[in-house]
Structure formats: structure tokens, C-alpha cells
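In: quick one, structure for this:
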Amino acid sequence: MSFLDERKALTREKRLSALSHFHGTLEGLIDETSGAEIKQRVRTFSQIHIDETINAFEVLSKIEDAAIIVNGSVGCGNIGLINAGENYNWYSTNLVERDTILGGDDKLREAVLRANEEQHPKAIFIIGTPVVAINNDDINSVILELEDEVGVPIISIYTDGFKTKTPVTGYDIVTHSLLKYVVDKFIEEKEDFINIISFSESIEDIEAVTESFEALNINYQVIPRFSSIEDIKAASRARATVVLNPEEGEYLAKELEEVFNVPYIASEAPIGFRGTKKFLLKLATFLNIEDKAIKYVDEIEEELTKSLTKDLLADKKVFVDASFSRIPAYARFLQYLGGTIVGIGSPFIDLENRKQIGKLDFLSKGTTVVIGNGQYFEKANAISKSETDLYITEYTGGSFAIDEGAAVVSTNKIETYGFKGVLVLHDAIVKALRFVEKADVEESIYKASWKRRSGNWYVKQEVS
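Out: Okay, the predicted model is just below:
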């Protein structure tokens, strides 16, 4: 049965038994995730972290002809200042205490009409927040009242900010709404292009991948990030779908396959030589252009290897902090450069992306694993104990690792995808190692007494 039969998307915890609290070893993680369900754990102390509302906004704000209403307090509306960049297509209903008691319907109507008048969007998305989840405003009544008047779809995004500990649920909620209310259900025939699904990738990472598509003469469109409403509508007419990060986009790809008969070409993230080759060759096999793709891949790889220092990370201990579905590709590339992976971190693991664990069979079973959204204090504990030399992170806030004596590479602002990403990541590592040699290491912000403790001090088995 398709998940579209549900009124709204289930949380990752309910749908895929997502685990967002764990601190132990790779062997321990394999053991804990081996059953039909994943046993939940709780943190008795937690640092601040993002939620699904932020992830939902981050995707929707990059759809070029959509308007967004953040239905909540002015504080909730500030996610636009953090995430929208130059694209000011968002509005806040700016609910105050009175509105949380008497209702904020009037402010929502005003915001929808203003957004339509100023932006002339092809769709309007209303993002829920904790305030609206508590006061239970009837958003659907406002939508029914105004949709004919404004003449474009008005779509509620059912985020509330506290029912899930897995922010990637925000991508699922957006996916569910796009499939249900935007994607074209009346398909006369398929067209000659491939859907490339991207939720969190930068425009530079996307371009690094599409460069290879263009070299192989593969027509494509990128959805939902950096796309238009018309692009998203056309997703059901694609010849096939590929996903840049499976743990983020697989829900969309699988539903397109099940509901709209668009084949999903499943692969791993296109990171490093092996990840990029697998990604391209699986698609090439589907399109019957294997010979052309193999020739292209071999030529690029031969040229790139001349620019790499093969033993760059010899005798270096590395900690990788990334989406779990990207970790195998990162780890293989870092080992290719001579590094030893001593730790990995990721915001969550669930029944779907746990299959990536099997791709980590080249790592020691004693490799430290920290599963948690944020939680830098636990990563500092692991980095100091393992005497990590290099901390690779997809996220912001990695400066704490420098205080623990590690060089830091944040992939947040650089390309890591495709063959271009191989060279960019290599050069970023070179610069980071040079910097840490010259830098004066500051005193750690975490007390020595904490780093002497077990890293799972605040992670407990949940009691049902």
C-alpha cells in the first residue's frame, strides 16, 4: 500500500523505527539494529539541535516559484533568516500569546493573500510550527476558503517541531505533500529525462553530478530543491529516478515508482571514485549506454589520480560525521588516501538506511559510533579518546574538534559529489592538515572529567 493513502507522513520513528540516540561501537550498533525493529534509546542530557520544521523550510525555500507561510510565532519565522539566503519568498504569521488562545486564522488568511499578491507564486506552502500544533488552528478551513480566490494550490506542511527526534522527517512531510498535491497524476506518456532527487545538497554538489550527465548526454531535471512547481509536476513523466542521498530522497523515489510507475535506479551517494562510478554505471546500464559510460569514467579517473596524494592520510586517525548513507563512500575514499577510520557519527539510523552498515565491513568492529542530532559533547569525548587527527563533518559547528587537536574539514560549503568532489575534498584535507600544524590549539570547552567518562553516560535504554 502506498503511503500516500495516509493523510500525512508518518514520523521516521513510526515508519522506520529510527534510532537517534546511541553511543558505542560499530559491533554494538550492528547488534542493536539487527531485529525487525530498532530498540529506542533516550538521552538524559541533550544539546540544542535542529528539527523537522527547519528541514522542511530549507527545501521549500529553494523552489523558485513557490511562496512559504511559516505559521507560528516570530521566533519560528526566523528560520527564514537562517535558511532562505537571497530568496525572500517566505512570510511569518507572527502569532502572539493572544493568537495561541483565540486562534490565528485571520493572520494566516492575511499572510496567504499578501504572499499571493506580492509573489504571484505557482503554489503556497503553509509550514506548521509548535505553536499551531498546540493551539490546533484549523488550517484546512483557511485553505478551502482561499484556494479558489488565489487560483493556485495552497498546501499544508504538517510539521510541528516536537513529535520526532529525526529532522529528516521534514523531508518526508514535504515529499508526501508534493506527491499528493503537486505531482501530475494524469500521465499520457513518459518523456526522455531522469529525475535527480536532491534535498540537502548544495548547488555546487548538484552541478558536479549533472556535469557527468551532460557529458553522457543524459537529459535530467533536479527536484525538489532548486526546481520549479512545473518540474515537480513533471516528475511522474520521467523515464527513471536517481537519488543523491538515499536516506533523504528514497521515500520520494519509491513512491514515484509505486504510484506513478517511474523506475527507481537505487545506488549509493556519488562520493569518491567508487561511489561516483557505481552511481553512473547503474544508471548507464538502465539506459543501455554502458560502454560510453565506462570509457568516460575510466578517462576521468585516470586523469584525477595524477592529482592525488595516495598516502596523504598515512598514519592519520579519522572521524567521519555525516548522513549514514554517505558514510561508506566517505570512509572508502579516506582509506584510499591512507587514513584509518576510528569513529563515525550520524544524526540517526533506521530500518532502511541500516543497510549501509553492511557496506562498512572493511572497518574495525570496534570503531566508535555516535548516533545523535548535534551532540558535540559526545563527539568531543570520542575524538579525545581516539586521539583523532582529522574530523570530517557535513555539519556546522565543527570548531570544537580543533580544540581536541584534530584538523577539521567541513563539507558544508564545498563540493564532495562526483569526480570534481574527489579533488575538492582531497585539497580541503591538505589545507586542513597544514592549518592544524600551525594553529595554536585552544583549551577544550569540555571538562577533562567529562572526557574521562564513558561516551554513553547520558544515553540510556528506553523503558516502555
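
In: least confident secondary structure element in the chain?
Out: Least confident element among the helices and strands of the chain, by mean pLDDT, DSSP states H and E: helix 79-83 (a mean of 62).

In: distance between the helix or strand encompassing residue 335 and the chain's centre?
Out: Remark: residue 335 resides in helix 327-336, with elements defined by DSSP states H and E. Relative to the chain's own centre, helix 327-336 is displaced by 18 Å; criterion: C-alpha atoms, centre = their mean, to the nearest Å.

In: run through who's touching that helix.
Out: Contact partners of helix 327-336, identified using C-beta atoms under 8 Å, 6 or more residues apart in numbering, comprise 268-275, 310, 313, 318, 320, 322, 341, 344, 346, 356, 359-360, 362-363, 392, 416, 422, 425. Every residue, glycine included, has its C-beta placed from N, CA and C.

In: the longest helix seen in the chain: which residues count as buried?
Out: When the chain is parsed with DSSP state H, its longest helix is helix 418-438. Neighbour-count burial for helix 418-438 flags 418-422, 424-426, 428-429, 432-433, 436 (criterion: 16 or more other C-beta atoms under 10 Å).

In: got CSV for those, with pLDDT and distance to residue 403 too?
Out: Supplementary listing: the buried residues of helix 418-438 in CSV, determined by pLDDT from 0 to 100; distance: C-beta to C-beta, whole Å:
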residue, pLDDT, distance to residue 403
418, 95, 33
419, 95, 34
420, 94, 32
421, 95, 28
422, 95, 29
424, 96, 26
425, 96, 23
426, 96, 25
428, 96, 20
429, 96, 19
432, 93, 15
433, 93, 17
436, 78, 11
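
In: quick revisit: restricting to C-alpha, output the helix holding residue 335 in PDB.
Out: Coordinates of each C-alpha in helix 327-336 appear next as PDB, following Å, rounded to 0.1, in the frame of the first residue of the first chain:
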ATOM      1  CA  ILE A 327      29.500   7.300   5.400                       C
ATOM      2  CA  PRO A 328      30.600   4.200   3.400                       C
ATOM      3  CA  ALA A 329      31.600   6.300   0.400                       C
ATOM      4  CA  TYR A 330      33.500   8.800   2.600                       C
ATOM      5  CA  ALA A 331      35.200   6.100   4.600                       C
ATOM      6  CA  ARG A 332      36.400   4.200   1.500                       C
ATOM      7  CA  PHE A 333      37.800   7.400  -0.100                       C
ATOM      8  CA  LEU A 334      39.600   8.300   3.200                       C
ATOM      9  CA  GLN A 335      41.100   4.800   3.400                       C
ATOM     10  CA  TYR A 336      42.100   5.100  -0.200                       C
END
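
In: give me the sheet partners of whatever helix or strand comes next after that helix and which way each runs.
Out: On the C-terminal side of helix 327-336, the nearest following helix or strand under DSSP H and E is strand 340-346. Neighbouring strands of strand 340-346 in its sheet, by DSSP bridges, are strand 317-321 (parallel), strand 368-371 (parallel).
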